[in-house]
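# Mind folding the following:
(chains A and B)
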Protein chains: 2
Amino acid sequence: MDLNHYLAERVRMIETALSRHVPPASRKPATLHRAMRYSLLAGGKRLRPVLCLAAAEACGGKASAALPLACAVECVHTYSLIHDDLPCMDDDDFRRGRPTSHKVFGEGVAVLAGDALLTVAFEIAAKVPGWPRYPLAAVIAELARASGSLQLIAGQVADLEGERRDLGAGDLRFIHLRKTAALLTSSIRLGAMSANTTPARLKALTLFGRSLGLAFQVIDDILDVTQTSDKLGKSAGKDVAAGKATYPAIHGLEKSRAEARRLTAESGRALRGFGRDADILRAIAAYLLQRDY
Amino acid sequence: MDLNHYLAERVRMIETALSRHVPPASRKPATLHRAMRYSLLAGGKRLRPVLCLAAAEACGGKASAALPLACAVECVHTYSLIHDDLPCMDDDDFRRGRPTSHKVFGEGVAVLAGDALLTVAFEIAAKVPGWPRYPLAAVIAELARASGSLQLIAGQVADLEGERRDLGAGDLRFIHLRKTAALLTSSIRLGAMSANTTPARLKALTLFGRSLGLAFQVIDDILDVTQTSDKLGKSAGKDVAAGKATYPAIHGLEKSRAEARRLTAESGRALRGFGRDADILRAIAAYLLQRDY
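Below is the predicted model of the structure:
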């Protein structure tokens, strides 16, 4: 299996579906729909939805069954980026190589475009039929919890409040687990649910997602220190400039790189009970570790 | 039936349930949960959730079956107020007689508290079992559409953009239908769904909600002109100061009052096919018209 080919094909499938699930840019109010589409269809790795589809396949399911959930997760992720970039939050001017939503559409419309993407995420998720082990109620609850005040938003708040004080290793872990690992893990879980997977496999994939999500965030922290803005497609060095706690700031670069490797190995072990069907998940984890950090 | 007694009893039921559905203020991140509860449990008329419960009863159902949906709608309403009050939106300092969320917690936390209330709305809504004519998928889709980019948020955007230009009567109707009538109508529809009502009754209640919602907004516009801030519990005259189109600004006070009466009569006619079970809905409509405008 060629990972690049798989990723390109899946990204195309996801972007076609995302475009279909959100009203056209011409639909009134046009500014709002333009803003929603500007951020949602801005490219990006599509890591979360790809993982959702790959998890469905790792459990013997079909990517098409998981596709609405993959789109829902990407809508949640995009909304969180739009709000996170606002002047009252991280105050970032660039994202995915383009000006952020509020730089283009103004703060008011950016807030509302984020709100609308969060809302449409649940409309899209409600299109799946649910499955014997995971009825629709469980699917909606999963998405809401991962995106909610104890997970994704908890991470954003802790990150925001952390700018004003010294964070320890434990605080940083609290933020990483919630701001990054929660939604990423939920993407994988939702994919697995669409394959009506066993509770044991769901648990293994949860561990996989958690390790992978933490690894991903540690690597992002490293890249913020070592890369240029050009290469990142967003402002580099922002975390340092904002006096934010990051993995390298607390533990140093060497230890951070070792931790990223350790977490990736841990994610690999979580998949031991899976056969060849999970090769794509393994390949994605390896690919993430091979980012040049 | 004593309306005041009914309202007090229902409001207590709703507030107890709301408090249970949102994490305690001590739960980490405490700032976020304090902010969510500050706005959600700030009192207010609870008009939308009360209508949800009353609609369930008008269709022969039980208030308890509709209660999670009533709470979900109130979470959506509260999130929309928090975001609407932000400096980049209406920039309002008072709401329900208290400082607005961003004045107390800062803009970043206010944005996130709104996000979290929108998210928890879907988690709460997913607690209902669904009903033969209205399975959970239909319930979630109903809530998401009423709250989404073509309804509630469309109204907010049009309102925001309207501040910068002259609006006509048609534009104002577009805003009122979406910013106010959509979620209010959806509250009623969700209550009716929880009673597994017939499509014909759902349609009649949709017309009822639409007329009532428009009447409610016209009256709010009138009160913004004629009342003091003290009496409103929010800043009076804001719409005029912001150069916003309002019903009285376009049509004059006399015609606005006549329109409020006409819409209320229309809402009454929509309930003609209902028996005594709908008396409470009729009483609420009459009560709204009797606000001293």
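# got a pLDDT number for the residue of the stretch 151-293 of chain A found nearest chain B?
The stretch 151-293 of chain A approaches chain B most closely through A:V157 (4.2 Å), counting by CB to the nearest CB. C-beta here means a position set from N, CA and C on the backbone, and glycine is covered the same way. Looking at A:V157, its pLDDT is 96.
# what pLDDT does A:I124 get?
Reported pLDDT at A:I124 in the predicted model: 98.
# B:R34 is in contact with the residue of the stretch 151-293 of chain A closest to chain B, correct?
No - the pair A:V157 and B:R34 does not pass the contact test of CB atoms under 8 Å, sitting 10.8 Å apart.
# Neighbour count for those two, which is higher?
Neighbour comparison, A:V157 and B:R34: the larger count goes to A:V157, with 26 against 17 (by other CB atoms under 10 Å in any protein chain shown).
# Point me to the helix or strand that includes that one.
Taking DSSP states H and E as the criterion, A:V157 maps to helix A:152-162.
# Which strands and helices lie in contact with that helix?
Helices and strands touching helix A:152-162, by 3 or more CB pairs under 8 Å, 6 or more residues apart in numbering or on different chains; DSSP states H and E, are helix A:63-84, helix A:169-176, helix A:182-194, helix B:30-40, helix B:107-125.
# ok, 7 Å please
Helix A:152-162 sits against helix A:169-176, helix A:182-194, helix B:30-40, helix B:107-125, with contacts defined as 3 or more CB pairs under 7 Å, 6 or more residues apart in numbering or on different chains; DSSP states H and E.
# Next, the angle helix A:169-176 makes with that helix.
140 degrees (axes from the mean of the first three to the mean of the last three CA atoms, to 10 degrees).
# can you tell me how far the nearest residue to A:R46 once chain neighbours are set aside sits from chain B?
Counting by CB to CB, 6 or more residues apart in numbering or on different chains, A:R46 lies nearest to A:V11, which is 4.9 Å off, once chain neighbours are set aside. The gap separating A:V11 from chain B is 24 Å, by CB to the nearest CB, to the nearest Å.
# does A:V11 sit in a helix, a strand or a coil?
At A:V11 the chain is in helix, as set by DSSP: H, G, I helix; E, B strand; the rest coil.
# For it, report the pLDDT, please.
97.
# surely it meets A:K45?
No - counting by CB atoms under 7 Å, A:V11 does not reach A:K45; the two are 8.2 Å apart.
# neighbour-wise, which of these two wins?
A:V11 (17 against 12).
# Residues of the stretch 101-250 of chain A that sit close to chain B?
A:107-109, A:111-112, A:115-116, A:118-120, A:122-123, A:126, A:136-137, A:140-141, A:144-145, A:147-150, A:153-154, A:156-158, A:160-161 (CB under 7 Å from any CB of the partner chain).
# try 6 Å this time
Neighbours of chain B within the stretch 101-250 of chain A, by CB under 6 Å from any CB of the partner chain: A:107-108, A:111-112, A:115-116, A:118-120, A:122-123, A:126, A:136-137, A:140-141, A:144, A:147-149, A:153-154, A:156-158, A:160.
# okay, now A:P248: neighbour count?
Neighbours of A:P248 using other CB under 10 Å come to 22.
# what's near enough to touch A:H102?
A:L86, A:A110 (CB atoms under 6 Å, 6 or more residues apart in numbering or on different chains).
# Which strand or helix spans it?
helix A:101-105.
# so how far is that helix off the chain centroid?
21 Å (CA atoms, centre = their mean, to the nearest Å).
# go on, stretch A:274-292?
The answer for stretch A:274-292 is 16 Å, by CA atoms, centre = their mean.
# Equivalent analysis for stretch A:216-229, please.
For stretch A:216-229, the distance to the chain centre is 16 Å (CA atoms, centre = their mean).
# Which residues belonging to it are considered buried?
A:F216, A:Q217, A:V218, A:I219, A:D220, A:D221, A:I222, A:L223, A:D224, A:V225, A:Q227 (16 or more other CB atoms under 10 Å in any protein chain shown).
# Using pLDDT, spot the least trustworthy of the residues you listed.
For these, the least confident entry is A:Q227, with 82.
# Same question for stretch A:52-72: list its buried residues.
A:52-59, A:61, A:63, A:65-72.
# check whether stretch A:74-89 contacts chain B.
Yes - in terms of CB under 6 Å from any CB, part of stretch A:74-89 sits within range of chain B, namely A:H83, A:C88, A:M89.
# The first one contacts A:A113, correct?
Spelled out, that is A:H83. No - between A:H83 and A:A113 there is no contact under CB atoms under 6 Å: 9.5 Å.
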